[in-house]
Every structure is written in structure tokens, then in C-alpha cells.
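**Student:** After the sequence you'll find the predicted model.
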Amino acid sequence: MHMTESDLASHVNPGPGGDSHAVTFMSGITAWRRASNSFSLHGAGTIEFGHGPAADTLTIAGTRHRTLRSGVPERHNIRLADICDAYLSGTTLHFTVRAADGAPARQVGFAVPDPRAGRAILQALPQRYTEAFLQEQVERLDFHGRLKQLGSGAPVTLALVAVNLIVFVLMGFDGAGLLSASDGDAAIRWGSNFGPLTVDGQWWRLFTSMFIHSGLLHVGLNMLALYQSGRMVERMYGSVHFALLYLFSGLSGSMVSILWHPMNNSVGASGAIFGVFGGLLAFILKPGSAVPPAIVNEHRNSTLFFIGFNLINGYTQTGIDNGAHLGGLLGGLAFGFLLARPLDLAQRARAGAARMVAPVPGCLLLLALLAYPLWHPGLDIVQQRSFRAVLHALPQQEQLASADASAWLGKARKHTISDAELADAMEQKVVPQWERLYRSVQDATLNPKAADYPLRQTLLRYLDDRRRASLLIAQGVRRHDTRLIEQSNQLTLDAQREIATIQKLSAK
């Protein structure tokens with residue numbers, strides 16, 4: 001694009017001859033969002049204003065990024081006459097290079113040590129601005145001015161961050177762990193979205209799981225994302241609508257999580273936070289929202305990048321619930337279109353309270369449609385849920401049966417009970433426990449093609465070996481038959497070997 005006199009307010013500062021400034025060139029997410037660098041420079045570098053014959057030149061020096069290879073030092077000389085649209089935002093400075101020969105415009109962005117250094121560099125750069133740039137700045141000022149009229153606070157965002165952190169600390173005192181991932185049983189006690197329990201009538205877990213996290217890193221990253229994005233989105237929607245957006249998005253994320261992975265034990269606010277980003281997209285893309293194009297482009301691109309990066313990361317890493325992420329994102333988009341209102345205080349005031357609550361029935365209808373398959377699952381899902389419910393209760397019951405058997409055998413070794421008393425205890429107290437465990441797994445039928453079918457079959461072999469071993473002990477002791485006792489010992493060894501297979505299959 002060529003610049004003409006009508007495009008530019010053309011005043012060029014000669015620059016402080018020979019001045020050199022240490023800067024940090026933008027790279028990665030920061031560059032992509034704010035101050036991209038067409039010269040591919042990244043990290044520490046310098047900019048230097050020329051002097052003498054080169055007084056009309058600005059030199060930028062740094063390391064050029066190369067994919068999968070080490071960077072290489074580079075220097076670029078830029079004519080001051082080709083520089084325009086320079087602006088400073090905090091400690092980030094950006095300008096555009098538009099060569100007179102019609103070459104494509106190039107962007108330069110870097111961070112300075114402090115705002116004072118940034119102002120010094122900005123004053124030395126040409127004060128030339130295209131009409132498009134000036135229009136964009138007017139739109140930005142107008143957008144932020146209207147946001148300021150709607151209120152500067154974000155009480156709901158701050159309250160949500162506080163509640164999440166308080167719950168996390170309380171869980172730590174309850175033994176969930178602060179630095180490492182929370183214990184699964186502790187998370188369940190506090191209300192995690194554990195599929196078999198949620199669909200068995202504990203629907204409140206769809207809500208409570210939004211405030212539970214599995215370690216300091218988990219809660220820290222989620223709360224940082226919520227704090228950074230939620231404050232602006234809350235001001236755009238208004239506190240009441242933002243609270244509804246967060247709630248409905250979190251619930252939709254929890255529902256999709258169960259539909260995607262019916263047996264997962266899911267925790268975290270990420271579904272609701274993805275809903276906040278979905279709501280941001282919905283607001284800026286909804287016709288009539290009065291968001292200027294410059295703001296639309298900036299937030300659309302950065303939001304899509306955040307969403308895409310995290311979804312891809314969720315597919316490549318274990319332990320990340322992408323079902324909740326997608327459910328929250330799509331819910332945020334849908335609920336956002338229903339809840340978004342024009343970014344104008346007067347229009348909102350004219351709409352009144354009735355218009356404010358009008359979108360709520362539509363949001364509830366969307367949640368009801370999403371909940372339908374949870375309340376009307378297919379046979380395979382019902383069987384899988386029943387089996388997982390049995391599996392959840394099995395470890396504690398199995399430990400009790402094993403401890404009971406070990407206690408009676410210990411008494412026999414210490415000769416505190418007779419052989420007859422040991423036989424009676426094994427037949428009347430121990431064997432029935434293994435029998436009940438075996439029957440509970442046997443009654444939890446599964447389709448042979450189900451993912452948990454091999455686990456069920458291994459559990460049945462294990463429990464059958466344990467009950468037969470206990471029965472043979474009783475018979476061998478009562479009859480003084482060492483052959484039966486040896487058979488019991490062999491079955492116990494077989495059962496111990498099966499434990500490793502059970503643990504491996506349970507981890508899948």
C-alpha cells in the first residue's frame with residue numbers, strides 16, 4: 001500500500017543521533033496478540049538511531065528466530081521516512097514500515113524496560129499516521145470509553161476467583177494436597193464430577209466440580225485466565241449476565257464431560273472459563289453489539305489462538321478434560337449470543353429489567369436439551385455406569401475382606417485360636433465377603449465389546465481365586481489336609497499376579 005499526502009500527517013523527527021536503546025523483541029503469543037515482528041527477531045536486542053550521513057536511518061539488531069535451529073544475529077537498517085503509525089502501550093512499542101517502492105508493510109514490535117524509555121523512543125520516531133490507523137485509535141478510545149461508562153469493577157470475577165481459591169485451600173487442609181494433584185477420593189468427597197455418582201442422582205456435582213482443582217498449578221493457571229479475561233467480559237455483559245454466562249457454560253462443560261467420558265472423575269473451572277472466551281467471541285461477533293472492527297479483529301484472533309492452543313494441548317496431553325473444554329466453549333458461544341446486549345448504557349437502560357431476564361429461558365432450554373441424553377442413556381452406557389459404580393466401591397470392600405482373612409490367619413499362627421475356630425471363621429466370615437464381592441461384579445454385566453469388559457473378567461478371576469483359596473484353607477485345616485492348603489496357597493499366588501493386570505486395565 002502506498003501512502004499519499006492525504007493518508008499521512010507528515011512530520012518526521014530527525015531522532016537523537018547515535019542513541020541506542022536495549023529492547024526485547026516480541027515472540028510467541030505476546031507477539032501474535034499485540035506487537036508482531038515481521039523481521040522474525042526475538043529476545044534481547046537493540047534499536048539505534050543513526051547519526052551523521054546515516055541520521056535518517058534506524059537500525060534494529062537482534063536474533064532472528066529459525067524453526068528447529070538456533071537463532072542467528074541480524075541487523076536491519078530502516079529509513080525513518082518509511083516509519084509510521086508508532087504507538088506505545090505500557091512498555092510495548094509498535095510501528096509500521098511502509099517502503100516507498102510499494103513493498104508490503106512490515107511490523108516491528110518490542111518491549112522496553114519502562115514507560116519512560118518507551119516515551120523517549122516514541123518521541124524520536126516519525127510522528128506520521130495513516131488515516132486507517134487514526135480511525136482505529138478513535139474506535140479503541142470509543143470502545144474503552146463505553147466500557148468505562150458501564151462500570152470499572154468486576155465483582156463477579158473477583159468473587160469467583162476468591163471462592164475457587166478458598167475451596168482449594170480448604171481441600172488442602174482436608175488432605176487433598178496443595179502442590180500435587182488432588183487425591184481422587186478427596187475430590188469426590190468435595191463434589192467432583194464423577195460420572196457414576198453424578199448420573200446416579202448426585203446432579204449437584206455438575207455445579208460443585210467447577211470449584212474443585214487438582215493441584216496448585218491447575219488452580220493457578222485457571223484463576224489467572226479467569227482474572228485476565230473475566231474482568232473485561234464481565235464489564236461487556238454486565239455482572240448479572242456474566243454470572244449467568246459463567247454458570248451455564250460451566251454446567252454445559254460438565255454435561256459434555258460426562259457424555260464424552262461417562263466414567264471420568266472431572267474437576268476444574270476450565271469448562272466455565274472456556275465459556276467466558278466463547279462468550280467474548282459471541283459478543284464481538286454478534287450483529288448490533290456495537291464493537292468496532294479494530295476491537296473485533298484483535299480479540300477474535302487472540303481468543304481463537306488461545307482456544308486452539310488449549311484444545312490441541314488437551315488432545316496431546318493426558319489428564320486434560322477436553323470434553324469440558326468443548327462443552328464450555330460451545331455453551332459460552334450459544335449462551336453469549338442470547339445474553340449479549342449492545343455496548344451502550346442508554347440502550348440497556350431503555351430495555352428495562354424484563355429484557356434483562358428474557359434470555360434466561362432460552363439458556364435453560366439449551367441446558368435441558370444437553371441434559372436429555374444424560375437422563376436417557378443407552379443400554380451400554382447404563383451397564384458401564386453400573387459397573388464403574390461397583391468398581392468405585394470395590395477397593396475398600398476388598399481391603400476389608402483381605403484384612404479380615406489376614407487377621408484370622410495371624411491368630412492361628414500365634415495359636416490363639418484352634419484349627420476348628422479358624423475353619424469356622426474362614427467359612428462363616430471371610431468366604432461370604434469374597435462371595436458378595438464376586439456376585440457384585442458378576443451382576444454388573446457388560447457388552448463383550450465394552451472397553452471395561454477385560455477388566456471385569458480379570459476381577460472375576462481374582463475374586464474367584466480369593467474365595468476358593470479361603471474355602472480351601474478352611475477345608476484343609478479342618479481335615480488336616482496339606483494338599484488342600486497347598487492348593488489354597490497357589491490360588492492366592494495366582495490372585496496376587498492378577499492384581500498387576502487389574503491395575504493396568506483400571507488405569508486405561
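**Tutor:** Happy to help now that I have it.
**Student:** Name the SS class of residue 48, please.
**Tutor:** Classification of residue 48 using DSSP: H, G, I helix; E, B strand; the rest coil returns strand.
**Student:** quick one: contacts for it?
**Tutor:** Taking C-beta atoms under 8 Å, 6 or more residues apart in numbering, we find residue 48 in contact with 18, 19, 20, 21, 58, 59, 61. No exception for glycine: its C-beta is placed from N, CA and C like everyone else's.
**Student:** Filter those residues down to the buried ones and express that as a PyMOL selection.
**Tutor:** Per 16 or more other C-beta atoms under 10 Å, the buried members of the contacts of residue 48 correspond to this PyMOL selection:
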select buried, resi 21+58+61
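**Student:** Which parts of the stretch 201-350 of the chain are strands?
**Tutor:** Along the stretch 201-350 of the chain, the stretches classed as strands by DSSP state E, counting those that start in this stretch are 265-266.
**Student:** give me the low-pLDDT residue ranges for it?
**Tutor:** Low-confidence regions of the stretch 201-350 of the chain, defined by pLDDT under 70, span residues 289-290, 298-299, 301-302, 313-314, 316-319, 344-350.
**Student:** hang on, residue 463 in a helix?
**Tutor:** Yes. Assignment of residue 463 by three-state DSSP places it within a helix.
**Student:** Can you check the pLDDT for it?
**Tutor:** Residue 463 carries a pLDDT value of 96.
**Student:** now swap in residue 375 and tell me
**Tutor:** 80.
**Student:** Could you pull out the buried residues of the longest helix seen in the chain?
**Tutor:** Assignment by DSSP state H gives helix 379-413 as the longest helix of the chain. By neighbour count on 16+ other C-beta under 10 Å, the buried set for helix 379-413 is 381, 383-392, 394, 398, 401, 404-405, 408-409, 412.
**Student:** and residue 403, what is it in contact with?
**Tutor:** Applying C-beta under 8 Å, 6+ apart to residue 403 gives no contacts.
**Student:** next one: residue 387
**Tutor:** 441, 444, 446, 452, 456 are the contacts of residue 387 under C-beta under 8 Å, 6+ apart.
**Student:** 10 Å instead?
**Tutor:** By C-beta atoms under 10 Å, 6 or more residues apart in numbering, the contact list for residue 387 reads 196, 263, 440-441, 443-446, 450, 452-453, 455-456, 459.
**Student:** For those, which single residue is the most surrounded?
**Tutor:** Within the contacts of residue 387, residue 459 tops the neighbour count with 27 neighbours, counted by other C-beta atoms under 10 Å.
**Student:** Please name the residues that touch the residue most central in space within the chain.
**Tutor:** Residue closest to the mean C-alpha point of the chain, counted by C-alpha atoms, centre = their mean, is residue 270 at 3.9 Å. Contacts of residue 270 were listed using C-beta under 10 Å, 6+ apart, and they are 210, 213, 218, 221-222, 225-226, 250, 253, 310, 314, 320-322, 324-325, 328-329.
**Student:** ditto for residue 114
**Tutor:** 90, 91.
**Student:** mind checking the SS state of residue 71?
**Tutor:** Per three-state DSSP, residue 71 ends up strand.
**Student:** OK, contacts around it?
**Tutor:** By C-beta under 10 Å, 6+ apart, the contact set of residue 71 is 27, 40, 41, 42, 43, 62, 63, 64, 65.
**Student:** ok, now with 7 Å
**Tutor:** 63, 64, 65 (C-beta atoms under 7 Å, 6 or more residues apart in numbering).
**Student:** Of these, which one scores lowest on pLDDT?
**Tutor:** residue 65 (78).
**Student:** Is that one in a helix, a strand, or coil?
**Tutor:** Secondary structure assignment for residue 65 (three-state DSSP): strand.
**Student:** didn't it look like it was pressed against residue 42?
**Tutor:** Yes. Under the criterion of C-beta atoms under 7 Å, residue 65 makes contact with residue 42 at 4.7 Å.
**Student:** Filter the contacts of residue 270 down to the buried ones.
**Tutor:** For these, buried by 16+ other C-beta under 10 Å: 210, 213, 218, 222, 225-226, 250, 253, 310, 314, 320-322, 324-325, 328-329.
**Student:** Residues touching stretch 187-199, excluding its own?
**Tutor:** The contact list for stretch 187-199 (C-beta under 7 Å, 6+ apart) reads 171, 176, 204-206, 208-209, 212, 214, 254, 257-258, 262-267, 374, 385, 388-389, 392.
**Student:** Work out for me the element residue 23 sits within.
**Tutor:** According to DSSP states H and E, residue 23 maps onto strand 20-25.
**Student:** and that strand, what does it pack onto?
**Tutor:** strand 41-49, strand 106-111 (3 or more C-beta pairs under 7 Å, 6 or more residues apart in numbering; DSSP states H and E).
**Student:** Show me the one of these that comes nearest residue 124.
**Tutor:** In terms of C-beta to C-beta, the element of these nearest to residue 124 is strand 41-49, at 6.0 Å.
**Student:** How far does the closest one sit from its chain's centre?
**Tutor:** 35 Å (C-alpha atoms, centre = their mean, to the nearest Å).
**Student:** Specify the angle between it and strand 20-25 in degrees.
**Tutor:** Counting by axes from the mean of the first three to the mean of the last three C-alpha atoms, to 10 degrees, strand 41-49 points 160 degrees away from the direction of strand 20-25.
**Student:** now strand 41-49 against strand 106-111, angle please.
**Tutor:** 90 degrees.
**Student:** Strand 41-49: partners in the sheet, and parallel or antiparallel?
**Tutor:** According to DSSP bridges, strand 41-49 forms sheet pairs with strand 20-25 (antiparallel), strand 57-66 (antiparallel).
**Student:** Make a markdown table out of those strands and add distance to residue 74.
**Tutor:** Formatted as a markdown table, the strands paired with strand 41-49 follow (distance: least, C-beta to C-beta, whole Å):
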| stretch | distance to residue 74 |
| --- | --- |
| strand 20-25 | 11 |
| strand 57-66 | 5 |
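**Student:** Out of those, the one nearest residue 101 is which?
**Tutor:** Shortest distance between residue 101 and the strands paired with strand 41-49, using C-beta to C-beta, is found for strand 57-66: 16.3 Å.
**Student:** I would like the residues contacting the closest one, please.
**Tutor:** Residues outside strand 57-66 that contact it (C-beta under 7 Å, 6+ apart) are 25, 27, 39-43, 45-50, 71-80, 83, 108.
**Student:** now that strand: how far from the chain's centre is it?
**Tutor:** With C-alpha atoms, centre = their mean, you get 36 Å for strand 57-66.
**Student:** Export only the CA atoms of it, formatted as CSV.
**Tutor:** The C-alpha coordinates for strand 57-66 follow below in CSV (Å, rounded to 0.1, in the frame of the first residue of the first chain):
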residue,chain,number,x,y,z
THR,A,57,18.2,5.7,9.5
LEU,A,58,17.0,3.5,12.3
THR,A,59,18.9,0.2,12.9
ILE,A,60,17.3,-2.7,14.7
ALA,A,61,19.5,-5.6,15.8
GLY,A,62,18.6,-8.9,17.4
THR,A,63,18.4,-12.6,16.9
ARG,A,64,16.3,-14.0,14.0
HIS,A,65,14.3,-17.0,15.0
ARG,A,66,14.7,-20.2,12.9
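**Student:** ok, back up a step: could I get the contacts of residue 48 in a markdown table, plus columns for distance to residue 293 and pLDDT?
**Tutor:** Converted to a markdown table, the contacts of residue 48 look like this (distance: C-beta to C-beta, whole Å; pLDDT from 0 to 100):
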| residue | distance to residue 293 | pLDDT |
| --- | --- | --- |
| 18 | 41 | 57 |
| 19 | 36 | 80 |
| 20 | 37 | 88 |
| 21 | 33 | 92 |
| 58 | 30 | 93 |
| 59 | 34 | 94 |
| 61 | 35 | 93 |
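**Student:** Pick the one among the contacts of residue 48 closest to residue 157.
**Tutor:** Looking across the contacts of residue 48 and measuring by C-beta to C-beta, the closest to residue 157 is residue 21, at 36.8 Å.
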